[in-house]
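In: what would the 3D arrangement of this be:
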Amino acid sequence: ANPTISLADASKDFAGKLGSDDASIVIVEYSDYQCPFCRKWFNDVKSQLEEEYIKTGKVQLIYKDLPLGFHPMAQPYAEAARCAGDQGKYWEFHDKIFVEQDKFGQGTISNITKDDVKKWALDLGLSATEFNSCLDTGKYNSVVQSNISDGSAAGVGGTPSFLIGKRGGTGQLLVGAQPYTSFKAAIDSLLG
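Out: Numbers count the residues shown, from 1 in each chain. Alright, predicted model coming up:
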């Protein structure tokens, strides 16, 4: 891990952010949408973090894409969520990617296709023409790839990984789908 990575550098080209730009603590999440541990973290920890720290203005969560090579749908999912973001529904799509995979159980879900992903855009009331064009032309392909480089510069080797620190400072790395208590301890010590 690289202990000197600045949170400002780590935050560039983010996919989505939740919480106030004035929050004193920043968490940069590096995640792969097809990774079962990322989905577990989404299911077990994210909403609690939102309630206690994000909605209360203490923490801002920044999502960065880190699709792993052995998850063939991870890159299309990452691009699709950003395409939904063009229409103001980044987080809705982010959540849907995980929720739809949950319908098929635990573990890595490999039976979902790009056509399915296009149907989800309709479910969320997005313009299909705009969404499909964004996805099919690979509008966000290179920015997702640059997120991967950012992750490796930050010392991230696997997903999910989280850089946690004070805004304007550097981040400490929390690796894996750790329980809520690990995040709470890290945040509370930073809030001092």
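In: could you look up the SS state of residue 118?
Out: helix (DSSP: H, G, I helix; E, B strand; the rest coil).
In: how much space is there between it and residue 34?
Out: 17 Å (CB to CB, to the nearest Å). Every C-beta, even on glycine, is put in place using the N, C-alpha and C of the backbone.
In: looking at these two, which is more packed in?
Out: residue 34 (25 against 17; other CB atoms under 10 Å).
In: next, the more buried one: phi, psi?
Out: Note on residue 34: its backbone torsions stand at phi -100, psi 0 [degrees, to the nearest 10].
In: can you check the pLDDT for the closest residue in space to it that isn't next to it in sequence?
Out: Nearest-residue entry for residue 34: residue 71, 3.7 Å, with adjacent residues in sequence omitted and distances by CB to CB, 6 or more residues apart in numbering. With respect to pLDDT, residue 71 scores 97.
In: repeat that for residue 3.
Out: pLDDT for residue 3: 58.
In: so where do the helices sit in this structure?
Out: All helices of the chain, identified by DSSP state H, fall at 7-11, 36-41, 47-49, 74-86, 90-102, 114-123, 128-136, 141-153, 180-191.
In: how about low-confidence regions in the chain?
Out: Applying pLDDT under 70 to the chain picks out residues 1-3.
In: what sits against the most centrally placed residue in it?
Out: Nearest to the mean C-alpha position of the chain, counting by CA atoms, centre = their mean, stands residue 63 at 3.5 Å. By CB atoms under 8 Å, 6 or more residues apart in numbering, residue 63 lies in contact with 14-18, 29, 31, 94.
In: and which of the residues you listed is nearest residue 77?
Out: residue 94 (9.1 Å; CB to CB).
In: check whether the closest one really touches residue 17, as I assumed.
Out: No: Residue 94 is beyond contact range of residue 17, at 11.2 Å (criterion: CB atoms under 8 Å).
In: list just the nearest of the contacts of residue 63 to residue 131.
Out: Relative to residue 131, the closest of the contacts of residue 63 is residue 94; by CB to CB it sits at 14.4 Å.
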